[in-house]
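# With the input below, show me the fold.
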Amino acid sequence: MIKLTKIIIENFKSIHQIEFEIKKYGSSYTTMFLGVNESGKSNILEAMSFFDPPKEEFNYHDYHNQKDDDESVIDLWFSLDFDNSNFHIKQMKSQIEVGAELLNFEITDLVKNVFLFSDSKEFDYVYNFNISQMTEGLFVKVGTKSVTSSTGNVSNVKAFSISKTSIDDSYELLDIELFKKLFKERIERIIKIYEPSVTFWKPSNDWLISTEDLIKFADSPHLKPALKTFFYLLDMKPRRI
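You can find the predicted model right below:
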(Lines give C-alpha, C1' and ligand atoms only; values in the text may rest on other atoms or scores of the structure.)
Protein backbone atom coordinates (compact mmCIF):
# COMPACT_ATOMS: atom_id res chain seq x y z
CA MET A 1 0.00 0.00 0.00
CA ILE A 2 0.89 3.66 -0.31
CA LYS A 3 0.41 5.96 2.67
CA LEU A 4 -0.37 9.66 2.87
CA THR A 5 2.31 11.61 4.76
CA LYS A 6 1.62 15.33 4.21
CA ILE A 7 -1.06 17.62 2.78
CA ILE A 8 -0.77 21.18 1.49
CA ILE A 9 -3.96 23.08 0.60
CA GLU A 10 -3.75 26.37 -1.29
CA ASN A 11 -6.52 28.75 -2.38
CA PHE A 12 -9.43 26.49 -1.43
CA LYS A 13 -12.56 28.19 -0.06
CA SER A 14 -11.65 29.86 3.28
CA ILE A 15 -8.11 28.44 3.16
CA HIS A 16 -5.32 30.62 1.79
CA GLN A 17 -2.62 28.08 2.58
CA ILE A 18 -2.28 25.31 5.16
CA GLU A 19 0.22 22.48 5.53
CA PHE A 20 0.15 19.55 7.93
CA GLU A 21 1.69 16.09 8.26
CA ILE A 22 -0.13 12.79 8.67
CA LYS A 23 1.77 11.04 11.44
CA LYS A 24 1.50 7.62 13.03
CA TYR A 25 0.66 7.59 16.73
CA GLY A 26 1.10 4.10 18.12
CA SER A 27 -0.58 1.85 15.56
CA SER A 28 -2.94 4.53 14.22
CA TYR A 29 -2.66 7.23 11.57
CA THR A 30 -5.79 8.95 12.90
CA THR A 31 -5.56 12.76 12.71
CA MET A 32 -8.05 15.04 14.47
CA PHE A 33 -8.91 18.64 13.64
CA LEU A 34 -9.99 20.85 16.54
CA GLY A 35 -11.29 24.39 16.13
CA VAL A 36 -14.15 26.74 16.78
CA ASN A 37 -17.15 26.90 14.45
CA GLU A 38 -16.48 28.40 11.01
CA SER A 39 -12.71 28.04 11.41
CA GLY A 40 -12.32 25.93 8.24
CA LYS A 41 -12.30 22.34 9.52
CA SER A 42 -14.96 21.18 7.04
CA ASN A 43 -13.14 22.93 4.19
CA ILE A 44 -9.96 21.02 5.03
CA LEU A 45 -11.86 17.73 4.90
CA GLU A 46 -13.59 18.70 1.67
CA ALA A 47 -10.25 19.61 0.08
CA MET A 48 -8.90 16.20 1.12
CA SER A 49 -11.90 14.55 -0.56
CA PHE A 50 -10.55 15.80 -3.93
CA PHE A 51 -7.58 13.43 -3.59
CA ASP A 52 -9.41 11.37 -6.20
CA PRO A 53 -10.95 14.16 -8.32
CA PRO A 54 -14.66 13.65 -9.12
CA LYS A 55 -15.59 13.36 -12.78
CA GLU A 56 -17.92 16.34 -12.78
CA GLU A 57 -17.83 20.05 -13.54
CA PHE A 58 -17.00 22.71 -10.95
CA ASN A 59 -17.13 26.48 -10.95
CA TYR A 60 -13.71 27.78 -9.93
CA HIS A 61 -15.26 30.86 -8.31
CA ASP A 62 -17.30 28.67 -5.95
CA TYR A 63 -14.18 26.98 -4.60
CA HIS A 64 -11.27 29.40 -4.61
CA ASN A 65 -10.41 31.68 -1.68
CA GLN A 66 -12.50 34.83 -2.19
CA LYS A 67 -9.84 36.98 -0.51
CA ASP A 68 -7.16 35.85 -2.95
CA ASP A 69 -8.20 37.27 -6.33
CA ASP A 70 -4.61 37.27 -7.62
CA GLU A 71 -4.48 33.47 -7.70
CA SER A 72 -5.67 31.59 -10.77
CA VAL A 73 -5.41 27.98 -9.56
CA ILE A 74 -6.54 25.86 -6.64
CA ASP A 75 -3.66 23.58 -5.62
CA LEU A 76 -3.89 20.50 -3.41
CA TRP A 77 -0.62 18.67 -2.73
CA PHE A 78 -0.63 15.13 -1.29
CA SER A 79 2.76 13.69 -0.30
CA LEU A 80 2.86 9.90 -0.54
CA ASP A 81 5.22 7.15 0.53
CA PHE A 82 5.45 3.41 -0.16
CA ASP A 83 4.82 1.05 2.75
CA ASN A 84 6.76 -1.67 0.93
CA SER A 85 8.75 -0.25 -1.94
CA ASN A 86 10.17 -3.65 -2.96
CA PHE A 87 6.68 -4.96 -3.72
CA HIS A 88 5.80 -2.01 -5.92
CA ILE A 89 9.18 -1.93 -7.66
CA LYS A 90 8.78 -5.62 -8.51
CA GLN A 91 5.47 -4.81 -10.22
CA MET A 92 6.97 -1.84 -12.04
CA LYS A 93 9.72 -4.09 -13.42
CA SER A 94 7.24 -6.63 -14.78
CA GLN A 95 7.48 -5.06 -18.27
CA ILE A 96 11.19 -5.86 -18.42
CA GLU A 97 11.48 -9.10 -20.37
CA VAL A 98 15.24 -9.56 -19.99
CA GLY A 99 17.62 -8.31 -17.29
CA ALA A 100 15.09 -7.07 -14.71
CA GLU A 101 17.32 -8.37 -11.93
CA LEU A 102 20.08 -5.95 -12.99
CA LEU A 103 18.01 -2.82 -12.39
CA ASN A 104 17.52 -1.31 -8.94
CA PHE A 105 16.05 2.09 -8.09
CA GLU A 106 14.07 4.02 -5.49
CA ILE A 107 11.07 6.29 -6.01
CA THR A 108 11.33 9.36 -3.77
CA ASP A 109 9.55 12.67 -3.20
CA LEU A 110 6.25 11.26 -4.49
CA VAL A 111 3.55 13.95 -4.59
CA LYS A 112 0.09 13.95 -6.15
CA ASN A 113 -0.90 17.47 -7.22
CA VAL A 114 -4.65 17.98 -7.68
CA PHE A 115 -5.57 21.32 -9.25
CA LEU A 116 -8.32 23.43 -10.80
CA PHE A 117 -7.47 26.40 -13.04
CA SER A 118 -9.74 29.43 -13.12
CA ASP A 119 -10.55 28.81 -16.79
CA SER A 120 -11.24 25.11 -16.29
CA LYS A 121 -14.34 23.20 -15.19
CA GLU A 122 -12.74 19.98 -13.96
CA PHE A 123 -10.17 19.13 -11.32
CA ASP A 124 -7.15 17.32 -12.73
CA TYR A 125 -4.01 15.80 -11.24
CA VAL A 126 -0.40 14.90 -11.94
CA TYR A 127 2.12 12.74 -10.11
CA ASN A 128 5.57 14.17 -9.40
CA PHE A 129 8.42 11.98 -8.19
CA ASN A 130 12.17 11.54 -8.34
CA ILE A 131 14.27 8.48 -9.08
CA SER A 132 17.31 7.81 -6.89
CA GLN A 133 19.87 5.06 -6.28
CA MET A 134 19.37 3.74 -9.80
CA THR A 135 21.87 1.19 -11.04
CA GLU A 136 24.37 2.99 -13.27
CA GLY A 137 25.98 1.82 -16.51
CA LEU A 138 23.03 -0.21 -17.83
CA PHE A 139 21.62 -0.22 -21.35
CA VAL A 140 17.99 -0.62 -22.42
CA LYS A 141 16.27 -1.82 -25.57
CA VAL A 142 12.62 -0.99 -26.26
CA GLY A 143 10.55 -3.59 -28.11
CA THR A 144 7.02 -4.98 -28.17
CA LYS A 145 5.30 -8.17 -27.21
CA SER A 146 1.86 -9.60 -27.86
CA VAL A 147 -0.52 -10.10 -24.95
CA THR A 148 -3.93 -11.74 -24.91
CA SER A 149 -6.68 -10.28 -22.73
CA SER A 150 -9.22 -12.31 -20.75
CA THR A 151 -11.67 -11.76 -23.60
CA GLY A 152 -9.26 -13.17 -26.16
CA ASN A 153 -8.21 -9.88 -27.73
CA VAL A 154 -4.56 -9.67 -28.77
CA SER A 155 -2.61 -6.41 -28.53
CA ASN A 156 0.99 -5.26 -28.65
CA VAL A 157 2.56 -3.63 -25.59
CA LYS A 158 6.00 -2.25 -24.87
CA ALA A 159 8.63 -4.65 -23.58
CA PHE A 160 12.13 -3.82 -22.39
CA SER A 161 15.46 -5.60 -22.28
CA ILE A 162 18.21 -4.52 -19.87
CA SER A 163 21.89 -5.30 -20.41
CA LYS A 164 25.23 -4.42 -18.87
CA THR A 165 26.60 -3.74 -22.34
CA SER A 166 25.34 -2.17 -25.53
CA ILE A 167 24.77 -5.36 -27.51
CA ASP A 168 23.83 -3.49 -30.69
CA ASP A 169 22.67 -0.08 -31.91
CA SER A 170 19.14 -0.67 -30.61
CA TYR A 171 20.36 -0.33 -26.99
CA GLU A 172 20.55 3.07 -25.27
CA LEU A 173 22.36 4.11 -22.11
CA LEU A 174 19.75 4.07 -19.34
CA ASP A 175 20.06 7.29 -17.36
CA ILE A 176 17.42 8.75 -15.04
CA GLU A 177 15.94 11.00 -17.74
CA LEU A 178 15.41 8.07 -20.11
CA PHE A 179 14.18 5.86 -17.28
CA LYS A 180 11.39 8.33 -16.40
CA LYS A 181 10.50 8.70 -20.09
CA LEU A 182 10.16 4.93 -20.54
CA PHE A 183 8.64 3.90 -17.22
CA LYS A 184 6.71 6.96 -16.02
CA GLU A 185 3.38 5.71 -17.34
CA ARG A 186 3.87 2.28 -15.75
CA ILE A 187 4.91 3.78 -12.42
CA GLU A 188 1.87 6.07 -12.39
CA ARG A 189 -0.47 3.14 -13.08
CA ILE A 190 0.95 1.27 -10.08
CA ILE A 191 0.64 4.36 -7.88
CA LYS A 192 -2.99 4.80 -8.96
CA ILE A 193 -3.83 1.21 -8.04
CA TYR A 194 -2.30 1.31 -4.55
CA GLU A 195 -2.77 4.92 -3.45
CA PRO A 196 -5.13 5.54 -0.48
CA SER A 197 -8.86 5.73 -1.06
CA VAL A 198 -10.83 8.67 0.35
CA THR A 199 -14.38 8.81 1.68
CA PHE A 200 -15.95 12.15 2.56
CA TRP A 201 -19.12 12.32 4.64
CA LYS A 202 -21.12 15.54 4.62
CA PRO A 203 -23.70 16.51 7.26
CA SER A 204 -26.96 14.75 6.44
CA ASN A 205 -30.26 13.83 8.02
CA ASP A 206 -29.17 10.22 7.48
CA TRP A 207 -26.92 10.64 10.52
CA LEU A 208 -29.59 11.96 12.89
CA ILE A 209 -30.39 9.38 15.55
CA SER A 210 -33.25 11.46 16.98
CA THR A 211 -35.35 10.97 13.84
CA GLU A 212 -34.90 7.19 13.68
CA ASP A 213 -36.90 4.32 15.10
CA LEU A 214 -33.89 2.48 16.52
CA ILE A 215 -35.80 -0.76 16.98
CA LYS A 216 -36.59 -0.88 13.25
CA PHE A 217 -33.05 0.24 12.46
CA ALA A 218 -31.60 -2.63 14.53
CA ASP A 219 -33.70 -5.10 12.53
CA SER A 220 -32.66 -3.65 9.14
CA PRO A 221 -29.44 -1.63 9.54
CA HIS A 222 -28.61 -2.06 5.84
CA LEU A 223 -31.39 0.39 5.01
CA LYS A 224 -29.41 3.21 6.66
CA PRO A 225 -25.76 2.63 5.63
CA ALA A 226 -24.56 6.02 6.94
CA LEU A 227 -26.07 5.44 10.37
CA LYS A 228 -24.84 1.84 10.37
CA THR A 229 -21.30 3.05 9.69
CA PHE A 230 -21.56 5.53 12.54
CA PHE A 231 -22.29 2.76 15.06
CA TYR A 232 -19.55 0.55 13.69
CA LEU A 233 -17.07 3.39 14.14
CA LEU A 234 -18.14 3.40 17.80
CA ASP A 235 -17.58 -0.39 17.84
CA MET A 236 -21.31 -0.85 18.49
CA LYS A 237 -23.26 -3.28 16.35
CA PRO A 238 -26.92 -2.29 15.87
CA ARG A 239 -28.17 -5.27 17.85
CA ARG A 240 -26.28 -4.04 20.92
CA ILE A 241 -28.07 -0.66 21.00
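# got the residue ranges for the helices in the chain?
Along the chain, counting by DSSP state H, helices occupy 41-49, 60-63, 85-92, 176-194, 214-219, 225-233.
# any idea which of those is most buried?
Most buried of these, by mean neighbour count (mean count of other CB atoms under 10 Å): helix 41-49, with a mean of 17. All C-beta spots, glycine's among them, are computed from the backbone N, C-alpha and C.
# re earlier: what would the helices of the chain look like in TSV with distance to residue 132 and mean pLDDT?
Shown next, in TSV, are those (distance: least, CB to CB, whole Å; pLDDT from 0 to 100):
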stretch	distance to residue 132	mean pLDDT
helix 41-49	28	91
helix 60-63	36	93
helix 85-92	11	82
helix 176-194	8	92
helix 214-219	53	78
helix 225-233	39	72
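# okay, those helices in CSV with distance to residue 142 next?
Output for the helices of the chain, formatted as CSV (distance: least, CB to CB, whole Å):
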stretch, distance to residue 142
helix 41-49, 39
helix 60-63, 40
helix 85-92, 16
helix 176-194, 7
helix 214-219, 59
helix 225-233, 48
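# Where does the prediction get shaky in the protein?
The model of the chain has pLDDT under 70 over residues 201-211, 226, 233-241.
# what's the domain layout of it?
Per automatic domain parsing, the domain ranges recorded for the chain read 2-194, 205-240.
# Where do the strands of this structure begin and end?
2-12, 15-21, 73-82, 96-98, 106-117, 124-132, 139-148, 154-163, 172-173 (DSSP state E).
# and for the second one, what are the contacting residues?
With CB atoms under 8 Å, 6 or more residues apart in numbering as the test, strand 15-21 has contacts from 5-11, 31, 40, 43-44, 47, 65, 67-68.
# Which residue lies nearest the spatial centre of the protein?
Among the residues of the chain, residue 195 comes closest to the average C-alpha position under CA atoms, centre = their mean, at 4.2 Å.
# so what's the residue nearest to that one when sequence neighbours are not counted up against?
Closest residue in space to residue 195, ignoring its immediate chain neighbours: residue 2 at 4.9 Å, by CB to CB, 6 or more residues apart in numbering. The neighbours of residue 2, taking CB under 8 Å, 6+ apart as the test, are 80-83, 88, 110, 191, 194-196.
# switch to 6 Å and redo it
Counting by CB atoms under 6 Å, 6 or more residues apart in numbering, residue 2 touches 80, 82, 194-195.
# As a markdown table, the residues you listed with distance to residue 18 would be great.
Below are the contacts of residue 2 laid out as a markdown table (distance: CB to CB, whole Å):
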| residue | distance to residue 18 |
| --- | --- |
| 80 | 18 |
| 82 | 25 |
| 194 | 26 |
| 195 | 21 |
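# So which of those is the closest to residue 168?
Using CB to CB, residue 82 comes nearest to residue 168 of the contacts of residue 2, at 35.3 Å.
# Please report the distance of the closest one from residue 93.
14 Å (CB to CB, to the nearest Å).
# again, but for residue 200
Taken as CB to CB, the span from residue 200 to residue 93 is 35 Å.
# repeat for residue 53
Counting by CB to CB, the separation of residue 53 from residue 93 is 29 Å.
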